[in-house]
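Chemist: Just to be clear, the model below is a prediction. Sequence and coordinates:
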Amino acid sequence: MAFTRAWRNFKRMQDLTVATASLIYSGAVVHALGRLPGGGGAVLRWTLLWPALFLLASLVIPLVVPVLKRSLARYVWLSFKAGFGQTPVSIVTGVALLLGAALFIYRQVAAVAQSGQYHANVFSAYAAGIGILAAQAVLVRALERVPEVRERIVEEGR
């Protein structure tokens, strides 16, 4: 079965968004390792352990709680209909948002390194965002099985 070009681009953009956000996060963790106070154990707790819990929660909860799953699936479908990931402008906008988030997390690392105090765990917040992005990527595939959606995303004659 062949999907429309728009759907393939949208699905690819969802996947690339998760991958890009994960790479940005990985870079921020490496950046933080040599800069944050408290030794390696404390830094790993703040950059990997606690954020992993937030990532898992934000990935799993929207996929298992029916009302959240329906709401997020609707959001994903509306994003497709709005053209996200299908035009150069939407791609540049998505990249700009990810870069803005990356700048924010790097600035937070610098602020903690300078002050020596952890205020809020920006790593957990960013990881939770990655979890939501991953849930959206999963729901893209789930939407392919919905008959009303399938009618609009499958190329005719194939």
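Modeler: Received the coordinates, thanks.
Chemist: can you map out the helices along this structure?
Modeler: 5-33, 39-44, 50-64, 66-82, 88-115, 122-143, 147-153 (DSSP state H).
Chemist: mind showing which ranges of this structure have poor pLDDT?
Modeler: Filtered on pLDDT under 70, the chain yields the residue ranges 119-120, 156-158.
Chemist: Repeat the analysis, applying 80 as the threshold.
Modeler: 1, 85-86, 116-120, 156-158 (pLDDT under 80).
Chemist: OK, contacts around Thr47?
Modeler: Ala28, Val29, Ala32, Leu33, Leu36, Phe123 (C-beta atoms under 8 Å, 6 or more residues apart in numbering). Just so you know, the C-beta spots here come from the backbone N, C-alpha and C atoms, and that holds for glycine as well.
Chemist: hmm, which of those are the buried ones?
Modeler: Ala28, Val29, Ala32, Leu36, Phe123 (16 or more other C-beta atoms under 10 Å).
Chemist: Gly38 versus the spatially closest residue to Pro51 that is not a sequence neighbour, what's the distance?
Modeler: Distances taken as C-beta to C-beta, 6 or more residues apart in numbering put Ala127 closest to Pro51, at 3.5 Å, once the chain neighbours are dropped. Going from Ala127 to Gly38 by C-beta to C-beta, to the nearest Å gives 19 Å.
Chemist: Comparing these two, which residue is more hemmed in?
Modeler: Ala127 (26 against 13; other C-beta atoms under 10 Å).
Chemist: that older thread, my read: the residue nearest to Pro51 touches Ala52, true?
Modeler: Yes. With contact defined as C-beta atoms under 8 Å, Ala127 reaches Ala52; the gap is 6.8 Å.
Chemist: one step back: wait, which of the buried ones among the contacts of Thr47 is closest to Val65?
Modeler: Closest approach to Val65 among these (C-beta to C-beta): Phe123, at 24.5 Å.
Chemist: who's in contact with that closest one?
Modeler: Applying C-beta under 8 Å, 6+ apart, the residues near Phe123 are Tyr25, Ala28, Val29, Ala32, Trp46, Thr47, Leu48, Trp50, Pro51, Ile105.
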